[in-house]
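Chemist: sequence and predicted structure below; questions after.
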Amino acid sequence: MRGLIVVAMITFWGTASLAQPLEAGPATPLAEEVIGLIQELRLAMYYTALAIYAPTSMDQRLYAQQVVNLIEGAEGEHFAAVPPRDTFPTGMFTRLKTIETSLTPEIPAPRKHAAVLILNNVRIFLEFALQEALAVARAEDVTAGSRHMRRVFAFLNAAWGADVESPYLGGMWLLFRNLERAQRPMPSGRPHP
């Protein structure tokens, strides 16, 4: 189990360093909060994945609590200090509020409106993720806890979003279509790309 924690932390710190601004100049408070929220969201997704595959209910609850802490922050109602952290997260809810209040008047109204809608969507997905993570404490066993944590992962993934311009909901249909094309030979006898 410690090996999984070490791998998760190394992966987090490695990806967190990639999320730093590329310019040498100081980041704006808005940029710092967005980057901070992204880092906390990614770390919450790692803890969620660890909780899904946790060998015991105790381990699962520990990881779920880390997710709760990252969503609510140190000021949250359900916050509980969990080792090995010696610093406490700001919390994604707090960062969302800060981001919304940091939207400056220079941002064109349509973009600002879109940003507020996106922030509301992220907040709702995080609220759903929080409720599912809290449900792990009431789970009867590891299997039930894993079901809750899979929902947490789905909500965190929805909060993360996709890097596409149009709505994209990949699922079984898309998998089937891709596999069908791979199995069906092209007229020349080669499989489809």
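Modeler: Done, it's in.
Chemist: can you show me the helices along the protein?
Modeler: Along the chain, the segments classed as helices by DSSP state H run 2-18, 29-52, 57-72, 92-102, 109-135, 142-160, 172-183.
Chemist: dump those to TSV, plus distance to residue 82.
Modeler: Every residue, glycine included, has its C-beta placed from N, CA and C. Putting the helices of the chain into TSV (distance: least, C-beta to C-beta, whole Å) gives the following:
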stretch	distance to residue 82
helix 2-18	11
helix 29-52	10
helix 57-72	5
helix 92-102	17
helix 109-135	13
helix 142-160	16
helix 172-183	36
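Chemist: most neighbours per residue, which of those?
Modeler: Most buried of these, by mean neighbour count (mean count of other C-beta atoms under 10 Å): helix 57-72, with a mean of 23.
Chemist: residue ranges with poor pLDDT in the protein?
Modeler: Applying pLDDT under 70 to the chain picks out residues 1-28, 83-86, 163-193.
Chemist: out of the helices of the chain, which is closest to residue 78?
Modeler: Of all the helices of the chain, helix 57-72 sits nearest to residue 78, with 5.1 Å by C-beta to C-beta.
Chemist: residues in contact with the closest residue in space to residue 95 that isn't next to it in sequence?
Modeler: Excluding its sequence neighbours, the residue lying closest to residue 95 (C-beta to C-beta, 6 or more residues apart in numbering) is residue 37, at 4.2 Å. By C-beta atoms under 8 Å, 6 or more residues apart in numbering, the contact list for residue 37 reads 92, 95, 96, 99.
Chemist: of all those residues, which comes closest to residue 148?
Modeler: residue 92 (18.4 Å).
Chemist: right, and the closest one touches residue 40 too?
Modeler: Yes - with contacts counted by C-beta atoms under 8 Å, residue 92 reaches residue 40, the gap being 5.3 Å.
Chemist: need the overlap of contacts for these two.
Modeler: Where contact means C-beta under 8 Å, 6+ apart, the residues bridging residue 92 and residue 40 through contact with each are residue 70.
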